[in-house]
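Peer 1: got a predicted structure plus its sequence, pasted below:
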Amino acid sequence: MNRRKLYKKTIVDYRKVTESVFVLAFEKDFDFEPGQVVAIDVEPEGKPRLYSIASGVNDKNVEIIFDEKPDGKLTPFLSKLNIGDVIYVSKPFGLFRCDDDEAWWIASGTGVAPFVSMIRSGKGKGKILLHGGRRDENFYFSEVVENELEAGNYVRCTSRQPDTRYYNGRLTSWLREQELLPKEIKYYLCGSAEMVVEVRDILLNRGIPFGNIVSETYF
Amino acid sequence: MTTKQNLYGLTLNQLKEVVNELGLPKFTASQIADWLYRKHVVSIDEMTNLSIKARQLLDEKYFVGLIAPSQVQASKDGTKKYLYPTSQAGKFIEAAYIPDKNRGTLCVSSQIGCKMGCLFCMTGKQGFQGNLTAGEIVNQIQSLPEFEKLTNIVYMGMGEPLDNVDAVLNSLEILTAPWGYGWSPKRITVSTIGIIPAMLTFLEKSKAHLAVSLHTPFDEERRNLMPIQNVYPISKVISEIKKWDMGKQRRVSFEYIMFKGVNDTPKHVKEMVRLLSGIRCRINLIRFHPIPDTVLEGTPDEDIIAFQNALKARGMTVTIRASRGEDIFAACGMLSTKALVKKSEELDY
């Protein structure tokens, strides 16, 4: 049966970012394109789950970010790992890729990962990143984004923590408040299905052609 | 105090674990399966060939757990849409019963909402609220008032069945096993948008028919309609299906909703023929049933027929699915319990 083969990898970096969100890294020995995913499991013949790569194409290690779900099939196990532990990882795959043209990136929570990979791979020029999170701690990799994106091109929306540095409200509210949304560029959406369908509806209602909206949902 | 667990929806192997845990004789598992899935009892008390002690032990931790539909809407064409509560408080699903001459088809849901986010689908617009258990899937069948009239089951309701593959496979086992309903797998079709690993598991473990949501043969166009294309491109899905012996005992069909000016041109005919060559399959053309705020339009009927004829002229087997239940939002792609979903404060955006 032609299932995607999983390769044994040793975790070389592991950090807890919030109470439930973790970043883990393993050594890179394959090429990938920013925006691609890998299938990961803690056993060689299990039922791997998919995670977007968050590291850059020239980085030494491959990084992924995950949010532990108490009823999840894999994340309760991933969250108990340490540096030196073994995981099983597929080669990268997927078509959620972005060219060098101007574009808007819209993400919720850990859905920022593919855009961070794109930024770390030198594709941040001319891009605007709109990131929604409940609190400050949910703006993962914000130091990377702040350093690499042009001033004013990084918009963070907090739905649960008023803060003068951020837009206070959901990213959908921010979008609705914009007088002009460019119609000729592409919009890349990544995150929960709820966010993707709500944002897509807003964009379509504002006249963005559906051919200019590229989405990826967590599943 | 512990919450009682459902017996309904457990496979024979799972029932064996239950009786083992309770210290009951092994054969009790088969007896329980017989009461649940062949005699269709609604309470443990009715399982009269179990000893009183066995029934008491079962009753301490389990109940049958069937859930009747809480609402029904009837279409002028005879289709009925049922609303079922789920075991998750405040969350509901829908199932559509479609009578047609000698057939009675039930379109069952496999998830509360859906994660896939397809542009044309009403269920997708409500996001994802949870997976159904095997019991909740089979319950839609068992608790249907028209249960006795059912001839076919299609897993084409709310949710992506193969995103909940374990529960779907358990439900299929209950429906087709000799200890269960004992139905032929030929009476059942499972739909998918093409989650390849789960599709392979389904093909290995079940003999039910497969329906793949195609909707366009072109990669770039499909990723605008269906985000799954970014992860599992349709060309890869089809190359996996080509490895299976389809078209004899087991059928594969490709579902194709027709959108005006989007996927209904001669170049789509040509590319579909190329893509599906080598597979014994049926293409099922489906009228688009407009959902609120959609930017898509349905292809007019005469153009759908012309599209069908163009495919037929190239040797394809093509049908046009009758639209049923559109007036009660029960037609293809229209099931949704969005109005009942409370927006969570814990959304991550």
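Peer 2: Now that the structure is in, tell me what you want to look at.

Peer 1: tell me the pLDDT at the nearest residue to residue A:57 once chain neighbours are set aside?
Peer 2: Using C-beta to C-beta, 6 or more residues apart in numbering or on different chains and skipping residues adjacent in sequence, the residue nearest residue A:57 is residue A:121, 4.5 Å away. Every residue, glycine included, has its C-beta placed from N, CA and C. We have a pLDDT of 97 for residue A:121.

Peer 1: equivalent analysis for the one 10 residues further on, please.
Peer 2: Note on residue A:131: pLDDT of 97.

Peer 1: for it, what are its contacts?
Peer 2: With contact set as C-beta atoms under 8 Å, 6 or more residues apart in numbering or on different chains, residue A:131 has these partners: A:107-108, A:112, A:139, A:145, A:154-157, A:171.

Peer 1: now do the strands in chain B.
Peer 2: For chain B, the strands defined by DSSP state E occupy B:5-6, B:62-63, B:71-74, B:80-85, B:92-100, B:103-107, B:111-113, B:128-131, B:152-155, B:188-192, B:209-213, B:252-258, B:281-287, B:317-321.

Peer 1: and residue A:9, which of the three is it?
Peer 2: Secondary structure, DSSP: H, G, I helix; E, B strand; the rest coil: residue A:9 is strand.

Peer 1: and for the residue nearest to it when sequence neighbours are not counted, the neighbour number?
Peer 2: In space, and not counting its chain neighbours, residue A:9 is closest to residue A:26: 3.9 Å by C-beta to C-beta, 6+ apart. Residues within reach of residue A:26, counting by other C-beta atoms under 10 Å in any protein chain shown, total 22.

Peer 1: after the longest helix along chain A comes which helix or strand?
Peer 2: Criterion DSSP state H: the longest helix present in chain A is helix A:193-205. Following helix A:193-205 in sequence order, the next helix or strand is strand A:213-217 (DSSP states H and E).

Peer 1: partner strands of that next one and their direction?
Peer 2: Strand A:213-217 has the following sheet partners, assigned by DSSP bridges: strand A:186-191 (parallel).

Peer 1: so the partner strand versus helix A:193-205, what angle?
Peer 2: Orientation check (axes from the mean of the first three to the mean of the last three C-alpha atoms, to 10 degrees): strand A:186-191 against helix A:193-205 gives 160 degrees.

Peer 1: quick check: buried residues in strand A:186-191?
Peer 2: Within strand A:186-191, the residues scored as buried using 16 or more other C-beta atoms under 10 Å in any protein chain shown are A:186-191.

Peer 1: which two among those residues are spaced furthest apart?
Peer 2: Farthest-apart pair in those is A:186 and A:191; separation 16.6 Å (C-beta to C-beta).

Peer 1: any idea how far stretch A:18-26 is from the chain center?
Peer 2: Here stretch A:18-26 shows a centroid-to-chain-centroid distance of 13 Å under the convention C-alpha atoms, centre = their mean, to the nearest Å.

Peer 1: wait, stretch B:124-135
Peer 2: Distance of stretch B:124-135 from its chain centroid, counting by C-alpha atoms, centre = their mean, is 12 Å.

Peer 1: so which of the contacts of residue A:131 also contact chain B?
Peer 2: Among the contacts of residue A:131, the residues lying close to chain B (C-beta under 8 Å from any C-beta of the partner chain) are A:108, A:157, A:171.

Peer 1: out of the residues you listed, which comes closest to chain B?
Peer 2: Lowest distance from chain B to these (C-beta to the nearest C-beta) belongs to residue A:108, with 3.5 Å.

Peer 1: surely that closest one and residue A:192 touch.
Peer 2: Yes - between residue A:108 and residue A:192 there is a contact under C-beta atoms under 8 Å: 5.6 Å.

Peer 1: format the contacts of residue A:131 as JSON lines; extra columns: distance to residue B:340.
Peer 2: Formatted as JSON lines, the contacts of residue A:131 follow (distance: C-beta to C-beta, whole Å):
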{"residue": "A:107", "distance to residue B:340": "28"}
{"residue": "A:108", "distance to residue B:340": "23"}
{"residue": "A:112", "distance to residue B:340": "31"}
{"residue": "A:139", "distance to residue B:340": "32"}
{"residue": "A:145", "distance to residue B:340": "37"}
{"residue": "A:154", "distance to residue B:340": "37"}
{"residue": "A:155", "distance to residue B:340": "33"}
{"residue": "A:156", "distance to residue B:340": "32"}
{"residue": "A:157", "distance to residue B:340": "27"}
{"residue": "A:171", "distance to residue B:340": "25"}
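
Peer 1: which of these fall in strands?
Peer 2: Using DSSP E, those in strands are A:107-108, A:154-157.

Peer 1: for the nearest residue to residue A:5 once chain neighbours are set aside, grab phi and psi.
Peer 2: Nearest non-adjacent residue to residue A:5, counting by C-beta to C-beta, 6+ apart: residue A:90, 6.7 Å away. The phi and psi values for residue A:90, taken as degrees, to the nearest 10, are phi -80, psi 170.

Peer 1: tell me the contacts of residue A:90?
Peer 2: Counting by C-beta under 8 Å, 6+ apart, residue A:90 makes contact with A:4-7, A:38-40, A:48.

Peer 1: again, only this time at 6 Å
Peer 2: By C-beta atoms under 6 Å, 6 or more residues apart in numbering or on different chains, the contact set of residue A:90 is A:4, A:6, A:38-39.

Peer 1: mind giving me the PyMOL command for buried ones among these?
Peer 2: Here is the PyMOL command that selects the buried residues among the contacts of residue A:90 (16+ other C-beta under 10 Å):
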select buried, chain A and resi 6+38+39
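
Peer 1: which among the contacts of residue A:90 gets closest to chain B?
Peer 2: Comparing the contacts of residue A:90 against chain B with C-beta to the nearest C-beta places residue A:4 closest, at 7.1 Å.

Peer 1: report pLDDT for the closest one.
Peer 2: Residue A:4 is assigned 87 on the pLDDT scale.

Peer 1: excluding sequence neighbours, find me the nearest residue to it.
Peer 2: Distances taken as C-beta to C-beta, 6+ apart place residue A:90 nearest to residue A:4, at 4.4 Å, with adjacent residues excluded.

Peer 1: for the one you found, give me the pLDDT.
Peer 2: Looking at residue A:90, its pLDDT is 96.

Peer 1: just residue B:335 next, same as before
Peer 2: Each residue has a pLDDT score; the one for residue B:335 is 85.

Peer 1: what is the neighbour count of the nearest residue to it once chain neighbours are set aside?
Peer 2: Spatial nearest neighbour of residue B:335, excluding adjacent residues (C-beta to C-beta, 6+ apart): residue B:94 at 4.5 Å. Other residues lying near residue B:94 total 24 when counted by other C-beta under 10 Å.

Peer 1: residues in a beta bridge with residue B:94, which ones?
Peer 2: Judged by DSSP bridges, the bridge partners of residue B:94 are residue B:83.

Peer 1: counting neighbours, what do you get for residue 211?
Peer 2: No chain specified, so I'll use chain A. A count of neighbours around residue A:211, defined by other C-beta under 10 Å, yields 13.

Peer 1: meant chain B, my bad for not saying
Peer 2: Residues near residue B:211, counting by other C-beta under 10 Å, number 22.

Peer 1: with adjacent residues omitted, what lies nearest to it?
Peer 2: residue B:191 (4.3 Å).

Peer 1: same question for residue B:189.
Peer 2: In this structure, residue B:189 finds its nearest non-sequential neighbour in residue B:209, 4.2 Å apart by C-beta to C-beta, 6+ apart.

Peer 1: and the one you found, what pLDDT?
Peer 2: 97.

Peer 1: count of neighbours near it?
Peer 2: By other C-beta under 10 Å, 22 other residues sit near residue B:209.

Peer 1: what's the spacing between it and residue B:153?
Peer 2: Between residue B:209 and residue B:153 the distance is 10 Å, computed by C-beta to C-beta, to the nearest Å.

Peer 1: what's the pLDDT at the residue nearest to residue B:335?
Peer 2: Per-residue pLDDT puts residue B:94 at 95.

Peer 1: distance of it relative to residue B:342?
Peer 2: Using C-beta to C-beta, residue B:94 is found at 17 Å from residue B:342.
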